[in-house]
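Got a sequence here, can you build the structure:
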Amino acid sequence: MERKLASVKVAYRYWGARRAMKGVMQPQHGSPPPMPDRLFRRYAIYYTPAPSPLARFGAAWLGHDIASGTSVFHPQNIKGLPAAITDLTETPRRYGFHATIKPPFRLAADASPEALMDALEQFCADQPPVALDGAELARFGRFLAIAATGDTAALTRLAAHTVHQFDIFRAPPNAAEIARHQRPQISAAEAKNLRLWGYPHVMEQFRWHMTLTGKRPARETAQIQTALAPIIAPMLAPPPVIDALSLVGEDADGGFHLIHRAPLRG
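The predicted model follows:
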């Protein structure tokens, strides 16, 4: 733990030195906003889409707008669903419409939310946007999500780089957090990721997706896919561009809120 806290201090000096070398004390495109007064129990780095038809649909479908932190009415005109939207989206609702880049984590003892947000802004200043080859509505086992298609190498590299660079801000997982992911079917590679990075589905096991439902029976998942495909397909043409990374926080009730969306400017 002492080595990790020392790494956090090194990171703070690193970001400060980088700003000094640029000859400015604030990023050229504006500094991050002040941290909100709300205290969050965990943080994560997500992709959240900029305001768009896709972003609005995702918020309404889930019933939670991560950008405003408010509840949203579900759409009323979708036919052919096997259950009420509020039931289909109960599990992913609190996370908001997003794709996970660095999974939720508690802050290390010597880390601060302000340093984390500043580090994200500086990190994103060096990273180029990533244009997806394509995106589609897909089944992930028993749940439904929007998934990237085609060549995802650049996206996987960005996610891996983010997980690695910001791990100095992550507190070691406790026994309950490890147990939650240590399932009988976990692969050797996923177990290694859990041990090193606190989450199994990162690095080579990463697959970019934006979750739309909780786990449902296969028959229901197929019905939902049939109902949503014609609605979502036009929103995915052209495919999304990963143009920013978002710092989000989890409140005491388990809901996630957008804190800051940092543009990728490299």
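
Number of residues surrounding Gln185?
5 (other C-beta atoms under 10 Å). (C-beta placed from N, C-alpha, C; glycine too.)

Distance check, it against Ala191.
11 Å (C-beta to C-beta, to the nearest Å).

next one: Ala154
Taking C-beta to C-beta, one finds Ala154 at 27 Å from Ala191.

Phi first, then psi, for Ala229.
phi -50, psi -50 (degrees, to the nearest 10).

does the residue lying closest to it once chain neighbours are set aside sit in a helix, a strand or a coil?
Nearest residue to Ala229 in three dimensions, chain neighbours excluded: Leu137, at 5.3 Å (C-beta to C-beta, 6 or more residues apart in numbering). Look at Leu137: counting by DSSP: H, G, I helix; E, B strand; the rest coil, its state is strand.

Does Leu137 touch Ile231 like I think?
No. The criterion here is C-beta atoms under 8 Å, and Leu137 misses it with Ile231 at 9.2 Å.

Between those two, tell me which one has more neighbours.
Leu137 (20 against 14).

and Trp61, which of the three is it?
Trp61 is classified as helix under three-state DSSP.

Count the neighbours of it for me.
With other C-beta under 10 Å as criterion, Trp61 counts 23.

That one is in contact with Ile85, isn't it?
Yes. If you go by C-beta under 8 Å, Trp61 and Ile85 touch, sitting 6.7 Å apart.

Overlap in contacts, those two.
Counting by C-beta atoms under 8 Å, 6 or more residues apart in numbering, the contacts common to Trp61 and Ile85 are 74-75.

For stretch 113-131, buried residues please.
Residues 113, 115-125, 127, 130 are the ones in stretch 113-131 that count as buried (16 or more other C-beta atoms under 10 Å).

again with stretch 99-107
Across stretch 99-107, burial judged by 16+ other C-beta under 10 Å covers 99-107.

pLDDT and distance to Gln225 for those - can I get that in JSON lines?
Formatted as JSON lines, the buried residues of stretch 99-107 follow (pLDDT from 0 to 100; distance: C-beta to C-beta, whole Å):
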{"residue": "Ala99", "pLDDT": "98", "distance to Gln225": "18"}
{"residue": "Thr100", "pLDDT": "98", "distance to Gln225": "21"}
{"residue": "Ile101", "pLDDT": "98", "distance to Gln225": "25"}
{"residue": "Lys102", "pLDDT": "98", "distance to Gln225": "28"}
{"residue": "Pro103", "pLDDT": "97", "distance to Gln225": "25"}
{"residue": "Pro104", "pLDDT": "96", "distance to Gln225": "27"}
{"residue": "Phe105", "pLDDT": "97", "distance to Gln225": "32"}
{"residue": "Arg106", "pLDDT": "96", "distance to Gln225": "35"}
{"residue": "Leu107", "pLDDT": "96", "distance to Gln225": "38"}
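
and the residues you listed, which of them are in strands?
Judged by DSSP state E, the buried residues of stretch 99-107 include 99-105 as members of strands.

quick one: strands adjacent to whichever strand or helix holds Leu144?
Using DSSP states H and E, Leu144 falls within strand 143-149. Take DSSP bridges as the rule and strand 143-149 pairs in its sheet with strand 134-140 (antiparallel), strand 209-211 (antiparallel).

CSV please, covering those strands and showing mean pLDDT and distance to Trp197.
Shown next, in CSV, are the strands paired with strand 143-149 (pLDDT from 0 to 100; distance: least, C-beta to C-beta, whole Å):
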stretch, mean pLDDT, distance to Trp197
strand 134-140, 97, 20
strand 209-211, 98, 18
